[in-house]
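[1] Take a look and give me a structure for this.
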Amino acid sequence: MDYKNMKDQELVDMFILTGDNDCIKELVERYKSKIYTYILLNVKDSELAGDIFQETFIKVIKSLKKGRYMEKGIFMSWVVRIAHNLIVDHYRKDRHMKLTSTDQTDADIFNSKKFADKNVEDIMVQSRIEFEVRQLINELPKDQKEVILLRHYGEMSFKEIADQTGVSINTALGRMRYALINLRKMIEDRNLRLYA
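    So this is what the prediction gives:
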């Protein structure tokens, strides 16, 4: 079987029907670099990124086996969404600020995670903004929603998007342009504040 020439949806369908693990191996191979990079950029820790990456594909396999995949044609963005949710879950569990000290006596306030790159409050605000943006994206027409998900969540080039969706690069670019126009309009109409 030539898995490399099969489309994502064909591999997903075959896995669901037959349980052929080579289908999943091919999908992981296709997207492992982009998914891992997405996770690493968010958690900034290679060991944690590796753990969340593994957890993501375990969840993908379980969801497929339970028939929970409804995102026909946008497998990559579905996987990114699962990874994103696992990242948010990780930060929720790790919500309490921990003090660390460089000596054995009192805790040093300057070693607090509060002074690290992002504190828990920043992460929560960022998660809320991402949630609101995701809600807006869900209201876009299907073709515009798809290109936004593939471009920003899947980190795909417009050529990859065009290939994935079976349209020209100009059509993919046009859909992105209209998607951004529509998002701006929704933000203005609802008077949303989408920044920290």
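[2] can we go C-alpha only for contacts and neighbour counts from here?
    Will do.
[3] Can you give me the buried ones in the helix or strand encompassing Y38?
    Per DSSP states H and E, Y38 falls inside helix 21-43. Residues of helix 21-43 classed as buried by neighbour count (16 or more other CA atoms under 10 Å): 23-24, 26-27, 31, 34-40, 43.
[4] can you redo the residues you listed as a markdown table with pLDDT and distance to E10?
    As requested, the buried residues of helix 21-43 are arranged in a markdown table below (pLDDT from 0 to 100; distance: CA to CA, whole Å):
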| residue | pLDDT | distance to E10 |
| --- | --- | --- |
| C23 | 93 | 9 |
| I24 | 92 | 11 |
| E26 | 94 | 11 |
| L27 | 92 | 11 |
| Y31 | 89 | 16 |
| K34 | 86 | 21 |
| I35 | 90 | 20 |
| Y36 | 89 | 23 |
| T37 | 87 | 25 |
| Y38 | 85 | 25 |
| I39 | 88 | 26 |
| L40 | 86 | 29 |
| V43 | 84 | 32 |
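[5] any chance of the residues you listed in JSON lines, with distance to I87 too?
    Supplementary listing: the buried residues of helix 21-43 in JSON lines, determined by distance: CA to CA, whole Å:
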{"residue": "C23", "distance to I87": "25"}
{"residue": "I24", "distance to I87": "22"}
{"residue": "E26", "distance to I87": "24"}
{"residue": "L27", "distance to I87": "21"}
{"residue": "Y31", "distance to I87": "18"}
{"residue": "K34", "distance to I87": "15"}
{"residue": "I35", "distance to I87": "12"}
{"residue": "Y36", "distance to I87": "12"}
{"residue": "T37", "distance to I87": "13"}
{"residue": "Y38", "distance to I87": "10"}
{"residue": "I39", "distance to I87": "7"}
{"residue": "L40", "distance to I87": "10"}
{"residue": "V43", "distance to I87": "7"}
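[6] Among those, list the two that are farthest apart in space.
    C23 and V43 (28.4 Å; CA to CA).
[7] for this protein, which spans come out with low pLDDT?
    73, 94-125, 127, 193-196 (pLDDT under 70).
[8] Show me the helices in it, by range?
    Assigned by DSSP state H, the helices in the chain fall at 8-18, 21-43, 46-65, 75-93, 120-138, 142-148, 158-165, 169-189.
[9] With distance to M1 as added columns, please give those in TSV.
    Formatted as TSV, these follow (distance: least, CA to CA, whole Å):
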stretch	distance to M1
helix 8-18	11
helix 21-43	10
helix 46-65	21
helix 75-93	21
helix 120-138	36
helix 142-148	29
helix 158-165	21
helix 169-189	30
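[10] mind checking how far N182 is from D189?
    Applying CA to CA, to the nearest Å, the value for N182 to D189 is 10 Å.
[11] More neighbours: those two, which one.
    Comparing N182 with D189 by neighbour count (other CA atoms under 10 Å), the higher total belongs to N182, at 18 against 9.
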